[in-house]
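> Fold the following and give me the result.
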Amino acid sequence: MAECTTGSGSMTIGLDLGDEYTQCCVLDENGRVVEQGRIRTTPEALKSRFGSMPRTRIALEAGVHSAWSSRLLGECGHEVIVANPRKLRLIYKNDQKDDEVDAENLARVARLDPQLLYPIQHRSVQTQQDLAVLRARDEMVQARTQLINHIRGAVKSMGGRIPKMSAEVFGSKAAGSVPEALKPALGALLSAIQLLTKQIRQQDQWVQQRAKEGYPQSAALRQVPGVGPLTSVAYVLTLEDPKRFASSRRVGAYLGLRPKRATSGASDPQLRISKAGDGLLRRLLVGSAHYILGPFGPDTDLRRWGQKIAQRGGKNAKKRAVVAVSRKLAVLLHRLWMTQEKYDPQRNSKRKKPGAVAEVLGSPLGCRGGLAGGIAEPKLTEEKSV
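Numbers count the residues shown, from 1 in each chain. Okay, the predicted model is just below:
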């Protein structure tokens, strides 16, 4: 297959990024294919091909290699459009899908109207690096949970039972409840759990330090009960720029906490949430919602609102309440981030009392009231089970 070459003129280029090779399609100003081929998916190869050519519109799909490649092409002076693959039905639903066709379709849509690609903006290098630490921590927490579940199941199969204990002490205290016959098999797993716990604690210290030094704006988010350093830093890193949202209400949909819709005529079925956006932050917000609605959550307007939803009954009333509180919490955190005001957990309750309206006028979050009751910040360890 011929290598992709480019020339000057008014062109549009579509790139289908692969793990080893990138398929390239070049359209001229009349929409005719003038070049097709492939190049290696490396910084050196992309810079060699596109570094010296005039400014050109280049479209590519969001994926593993799209972050660094879009930054590189942008530094070369090109107009780079990163398409949202969830919205590009022309590609993911094509019954004749291959790399050449995908690259050509990207180029053609970008030539006609880039907005049809629902372009996204990748995070900065520093944000991507810090977010990688949180994702690594999350993987370690999940691995530890799987090992603990395996050990508990293996012990039960031999007629034993390990007492309830936190994951932080499981590796050191569970050994006494493991039968002698299983110690050769499970001893290495207990050691692995202890090592994971040590690494997770180090990551927790990094998160706390980074929250204070690198992201001081996250302190406003931690005013909300149930939101600790991990959730606040993950929220700031995931959204990166709060001004990208015209309204705080759009954050819930961005994080996949909005129900899907399939309305047609008189039919309007109740569907599950879309689960779009970042899965890690969505799970952290759900964990915070569980704390808010749980037995240790303080009395707040958010808790009362969620409890009313749970009291409506139904098969999944509690689950719907948790999701609803998570969505409302995402909106609240964005508002706190934008305004950096003090959070009043019972602002709405105060407004309902006679003569209390004047106390909260001029502040969307009741900043004059301050933090009612001096709510303490939850410990980071409360978020580890998320």
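
> From the contact counts, what lies against the top helix by length along the chain?
In the chain, assigned by DSSP state H, the helix with the most residues is helix 125-157. Judged by 3 or more C-beta pairs under 8 Å, 6 or more residues apart in numbering; DSSP states H and E, helix 125-157 is in contact with helix 167-173, helix 183-213, helix 229-239, helix 279-293. Yep, even glycine has a C-beta here, placed from its N, CA and C like the rest.

> Point out the most buried one among these.
Mean neighbours per residue, mean count of other C-beta atoms under 10 Å, is largest over these for helix 229-239, with a mean of 25.

> Return the angle between stretch directions for that helix and helix 279-293.
If you take axes from the mean of the first three to the mean of the last three C-alpha atoms, to 10 degrees, helix 229-239 sits at 140 degrees to helix 279-293.

> what does stretch 196-213 contact?
Residues from elsewhere that reach stretch 196-213 (C-beta atoms under 8 Å, 6 or more residues apart in numbering): 130, 133-134, 136-137, 140-141, 143-144, 147, 167-168, 170-171, 218-219, 222, 229-230, 232-233, 380-381, 384.

> Just the C-alphas of it, formatted as CSV.
Output of stretch 196-213 as CSV, limited to C-alpha atoms (Å, rounded to 0.1, in the frame of the first residue of the first chain):
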residue,chain,number,x,y,z
LEU,A,196,-1.3,-3.0,47.3
THR,A,197,-2.5,-1.4,50.5
LYS,A,198,0.9,0.2,51.0
GLN,A,199,0.9,1.6,47.5
ILE,A,200,-2.7,2.9,47.8
ARG,A,201,-1.8,4.8,51.0
GLN,A,202,1.1,6.4,49.2
GLN,A,203,-1.2,7.4,46.4
ASP,A,204,-3.6,8.9,49.0
GLN,A,205,-0.8,11.0,50.4
TRP,A,206,0.0,12.2,46.9
VAL,A,207,-3.7,13.1,46.3
GLN,A,208,-3.9,15.1,49.5
GLN,A,209,-0.7,16.9,48.7
ARG,A,210,-1.6,17.6,45.1
ALA,A,211,-5.0,18.9,46.2
LYS,A,212,-3.4,21.5,48.4
GLU,A,213,-0.5,22.6,46.1
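
> ok, which stretches of the chain are strands?
With DSSP state E as the criterion, the chain has strands at 12-17, 21-27, 33-40, 57-61, 79-83.

> Just put those in CSV and tack on distance to Pro298, mean pLDDT and mean neighbour count.
CSV is the format used below for those (distance: least, C-beta to C-beta, whole Å; pLDDT from 0 to 100; neighbours: other C-beta atoms under 10 Å):
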stretch, distance to Pro298, mean pLDDT, mean neighbour count
strand 12-17, 48, 96, 26
strand 21-27, 53, 96, 23
strand 33-40, 56, 94, 17
strand 57-61, 45, 96, 24
strand 79-83, 42, 96, 21
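
> I'd like those as a markdown table, with distance to Lys319 appended.
Listed next are the strands of the chain as a markdown table, based on distance: least, C-beta to C-beta, whole Å:
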| stretch | distance to Lys319 |
| --- | --- |
| strand 12-17 | 38 |
| strand 21-27 | 43 |
| strand 33-40 | 47 |
| strand 57-61 | 33 |
| strand 79-83 | 33 |
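
> Next one: Arg327 from Arg351, what distance?
Distance, Arg327 to Arg351, by C-beta to C-beta, to the nearest Å: 22 Å.

> Many thanks, I have nothing further to ask.
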